[in-house]
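> how would this look folded up:
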Amino acid sequence: MWKTALFLLLTIIVLPFFAFRFSEPLTDLQYAVLMDLVMIYIVAAGACFIVSLFSNNYSQVDKLWSVIPIAYVWIIAIRSGYEPRLLLMAALVTIWGIRLTYNFSRRGGYSLKFWTGEEDYRWAVLRAKPEFRANWKWTLFNLLFISYYQMGLILLFTLPALQSMNGGPLGLFDYLLAAIFLGFVVLETIADQQQWVFQKEKNRLRALGQPLPDKYKKGFVSTGLWGVVRHPNYASEQAIWITFYFFSVIATGLWLNWSVIGAILLVLLFRGSSDFSEGISAGKYSEYSTYQEKVARFLPLRVRKSSR
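A predicted model of the protein is given here:
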């Protein structure tokens, strides 16, 4: 995991540097807005780190994942003078954020004691690994990766809004992108609901001491969208922010611009995150390896027959 974390930390430093270095320079307004957003990022990431130290709950960034992008994009929209495209982008991010916040909330992610709430189960698994048993190593990982890397990534994947400032007029392709964006939000909603219903019913039956039907015995959801790809929620999340990037393409007329970095880094993060999650699931559920062989990870492009 150290190698993966170091690779991701390197990419979030090197890729943005080269992207900014070889792209068109920002306007004075764009630069001023970016500096404001960076200050918010530094403070928010630092707060997540400090709260996690005192609470021993390392999902503080998760609580802001669906909230702070709304603030970032609305700040950009307001500072732009309420450009129509940026208002549309801000509205879309708000819809995405409200839905994701609701899903995180119903799983127990938020509490009146803001430092408590559900912690991502993977952090406990990771912290128990030999390379993280020394407290200083985990603290450094928490500072650099959990807090500052993840919060930095959140900022980066919202920056197509910044690149879209002073762009061309709002047009048909913007509305088409908005429809695609909302379509992926709907898919992510369905995937999360299918996961929620499955886990809730499985836990209900176990609490009652009733025998589990075959679909619940395996322990993980593998029907609905989860029978098409193994991570339909992750796939939709990546697609949402890739789609968001294309607003900057329409605004600038450039197929490739520096704001694509956020979408690229998000894809890399989800690849590493899904590797780690699937390693845990394969060790926990005996049928998971067969599921991996039959169902593709993110894109339903290839289905392999099980060798068993």
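> residues contacting the nearest residue to Gln194 once chain neighbours are set aside?
If the residues on either side of it in the chain are set aside, Gln194 comes closest to Gly224, at 4.4 Å by C-beta to C-beta, 6 or more residues apart in numbering. For every residue, glycine as well, the C-beta is placed using N, CA and C. Gly224 makes contacts with 190-191, 194, as judged by C-beta atoms under 8 Å, 6 or more residues apart in numbering.
> And Ser164, by the same measure?
Taking C-beta under 8 Å, 6+ apart, we find Ser164 in contact with 83, 85-86, 89, 247-248, 250-252.
> Per-residue confidence at it, what does it come out as?
Confidence at Ser164, expressed as pLDDT, is 97.
> Return the backbone torsion pair for it.
phi -80, psi -10 (degrees, to the nearest 10).
> so how far is Ser273 from it?
Ser164 sits 28 Å away from Ser273, going by C-beta to C-beta, to the nearest Å.
> now the helices for the stretch 151-300 of the chain?
160-163, 172-208, 214-217, 232-252, 261-284, 288-294 (DSSP state H, counting those that start in this stretch).
> Out of these, indicate the one that is most buried.
Of those, the one with the most neighbours on average (mean count of other C-beta atoms under 10 Å) is helix 160-163, at a mean of 26.
> Would you tell me which of the helices of the stretch 151-300 of the chain gets closest to Asp62?
helix 261-284 (12.0 Å; C-beta to C-beta).
> Residues contacting the closest one, please?
1, 4, 8, 11-12, 15-16, 19, 121-122, 125-126, 150, 153, 155-160, 219-220, 230-231, 234, 237-238, 241-242, 244-245, 288-289, 292, 297-298.
> now stretch 140-156
2, 5, 8-9, 12, 16, 37-38, 41, 44-46, 48-49, 52-53, 58, 60-61, 64-65, 68-69, 72, 123, 132, 261-262, 265-266, 269.
> ok, of those, which come out buried?
Neighbour counting by 16 or more other C-beta atoms under 10 Å classes 5, 8-9, 12, 16, 37, 41, 44-45, 48-49, 52, 58, 60-61, 64-65, 68-69, 72, 123, 132, 261-262, 265-266, 269 among the contacts of stretch 140-156 as buried.
> Of those residues, which belong to helices?
Members of the buried ones among the contacts of stretch 140-156 lying in helices (criterion: DSSP state H): 5, 8-9, 12, 16, 37, 41, 44-45, 48-49, 52, 60-61, 64-65, 68-69, 72, 123, 261-262, 265-266, 269.
> thinking Gly97 is in contact with Val67, fair?
Yes. Using C-beta atoms under 8 Å, Gly97 is in contact with Val67, at 6.2 Å.
> circling back to that earlier point, turn the contacts of Ser164 into JSON lines, including distance to Gln199 and pLDDT.
Formatted as JSON lines, these follow (distance: C-beta to C-beta, whole Å; pLDDT from 0 to 100):
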{"residue": "Glu83", "distance to Gln199": "42", "pLDDT": "97"}
{"residue": "Arg85", "distance to Gln199": "39", "pLDDT": "98"}
{"residue": "Leu86", "distance to Gln199": "38", "pLDDT": "98"}
{"residue": "Met89", "distance to Gln199": "33", "pLDDT": "98"}
{"residue": "Phe247", "distance to Gln199": "35", "pLDDT": "98"}
{"residue": "Ser248", "distance to Gln199": "37", "pLDDT": "96"}
{"residue": "Ile250", "distance to Gln199": "39", "pLDDT": "96"}
{"residue": "Ala251", "distance to Gln199": "41", "pLDDT": "96"}
{"residue": "Thr252", "distance to Gln199": "43", "pLDDT": "93"}
